[in-house]
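J.: show me how the following folds:
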Amino acid sequence: MKFYRSVSRVLAGLAFASFVSGASMTAAIAATPSVIVIVNSEQLFGQSKVGQNVRTQIQALAKKLQAEGKKSEDALKAEAKKLSEQRALLSEADFGKKVQAFEQKQQDLQRTMQEKGQELQLGSNKARGEIEAAIRPIFADVMKKHGANILLDQSVVLAGGVDLDVTAEVLKALDAKLTTVDVKPVPLSSLKQ
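T.: Okay, here's the model as predicted:
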């Protein structure tokens, strides 16, 4: 019985000590004022030199991919027309084999184009990641300069904060630090390794 009482006293003492230290920590945290700055990340990616460079590259790559897809699709349409013209000349079995081979080509083309689209998206994501990596130290410097301990994106601010916006400052620093990032499709095969 004495053992249980002493354990109870120790636990009660620990609980009281943690309550007191927790209360003092809460008071210390509450005593530290929050200094907030706001940045508009959409504006950073849209108006920065590097953001515009990446967007131009992505649009060019997407246009090239679209042209490649149209060219392949036109070739398939021509092949389908030729196949339909041969229908009367071929036996049912031979025609069926050619139709099956054609359908396989169509599926392969769709899969290839979908994979190329995914590879382009991965390349875009990689480029955005490089930009974000370049922005992080800029954010830290701007926060330090303003004595801020919280950085919020404009998208999460419902009202106010115009005087807290540091987007122009971050944009200027980003343009000085990074103007281009190469956008290259990332092969899906590289992800499987």
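J.: make it CA atoms for all contacts and neighbour counts henceforth
T.: Fine.
J.: pLDDT weak spots in the protein?
T.: Applying pLDDT under 70 to the chain flags residues 1-31, 192-193.
J.: next, please give the residue ranges for the helices of it.
T.: With DSSP state H applied, the chain shows helices at 2-31, 41-47, 49-86, 92-146, 167-177, 188-191, listed in chain order.
J.: which other residues reach the fifth one?
T.: So that's helix 167-177. For helix 167-177, the external contacting residues (CA atoms under 8 Å, 6 or more residues apart in numbering) are 38-41, 43-44, 47-50, 134-135, 138-139, 142.
J.: drop anything exposed from those.
T.: Buried members of these, scored by 16 or more other CA atoms under 10 Å, are 38-41, 44, 48-50, 135, 138-139, 142.
J.: just name the closest of the residues you listed to Gln106, please.
T.: Nearest to Gln106 out of the buried ones among the contacts of helix 167-177 is Val50 (CA to CA; 38.0 Å).
J.: who's in contact with the closest one?
T.: Contacts of Val50 (CA under 8 Å, 6+ apart): 131, 175, 178-181.
J.: as JSON lines, the buried ones among the contacts of helix 167-177 with distance to Lys97 would be great.
T.: Putting the buried ones among the contacts of helix 167-177 into JSON lines (distance: CA to CA, whole Å) gives the following:
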{"residue": "Ile38", "distance to Lys97": "63"}
{"residue": "Val39", "distance to Lys97": "61"}
{"residue": "Asn40", "distance to Lys97": "58"}
{"residue": "Ser41", "distance to Lys97": "55"}
{"residue": "Leu44", "distance to Lys97": "55"}
{"residue": "Ser48", "distance to Lys97": "55"}
{"residue": "Lys49", "distance to Lys97": "54"}
{"residue": "Val50", "distance to Lys97": "52"}
{"residue": "Ile135", "distance to Lys97": "57"}
{"residue": "Ile138", "distance to Lys97": "62"}
{"residue": "Phe139", "distance to Lys97": "62"}
{"residue": "Val142", "distance to Lys97": "67"}
